[in-house]
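>>> sequence and predicted structure, then a few things I'm wondering about:
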Amino acid sequence: MVGAAPSDADTLGNYAIFLARKRGDLDEAEAYFKRALEANPKHVNNLGNYANFLADQRGDLDRAESYYQRALEIDPKHAYHLGNY
């Protein structure tokens, strides 16, 4: 699907999650998270999912916090990201 929709934020973000969780390819997953956010910098789910990735997979809590904050600026009542933050 990524080949068919190379700039679709949903597809790129979902593929990033797949790469991280199922393949364990963290570098490639991060590259896809970045591509997803370039495609749509205000995509709340991708912002929050990238924050989760940064916190859980990379241990980079400072960067994770900044992405959680960005997601919550866009949707301050998003329960999933509030809970993760």
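Nice, I can see it. For clarity, every value in this text was computed on a predicted model and none was experimentally measured.
>>> can you tell me the closest non-neighbouring residue to the most centrally placed residue in the chain?
Residue closest to the average C-alpha location in the chain (C-alpha atoms, centre = their mean): residue 50, at 2.6 Å. Spatial nearest neighbour of residue 50, excluding adjacent residues (C-beta to C-beta, 6 or more residues apart in numbering): residue 33 at 4.3 Å. C-beta coordinates here come from the backbone N, C-alpha and C atoms, glycine included.
>>> same question for residue 7.
Residue 7's closest residue in space is residue 39 (C-beta to C-beta, 6+ apart), at 4.9 Å.
>>> what about this protein, any weak spots by pLDDT?
For the chain, the stretches with pLDDT under 70 are 1-5.
>>> now do the helices in it.
Counting by DSSP state H, the chain has helices at residues 9-18, 26-39, 44-53, 61-74, 79-84.
>>> pick the most deeply packed of those helices.
With neighbours taken as mean count of other C-beta atoms under 10 Å, the helices of the chain reach their highest mean count in helix 44-53, at a mean of 24.
>>> and that one, what does it pack against?
helix 9-18, helix 26-39, helix 61-74, helix 79-84 (3 or more C-beta pairs under 8 Å, 6 or more residues apart in numbering; DSSP states H and E).
>>> sorry, back to before: contact partners for the residue nearest to residue 7?
7, 8, 9, 12 (C-beta atoms under 8 Å, 6 or more residues apart in numbering).
>>> got CSV for these, with distance to residue 58 too?
Shown next, in CSV, are the contacts of residue 39 (distance: C-beta to C-beta, whole Å):
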residue, distance to residue 58
7, 25
8, 24
9, 21
12, 18
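>>> which of those lies closest to residue 69?
Proximity of the contacts of residue 39 to residue 69 was ranked by C-beta to C-beta; the top entry is residue 9 with 19.2 Å.
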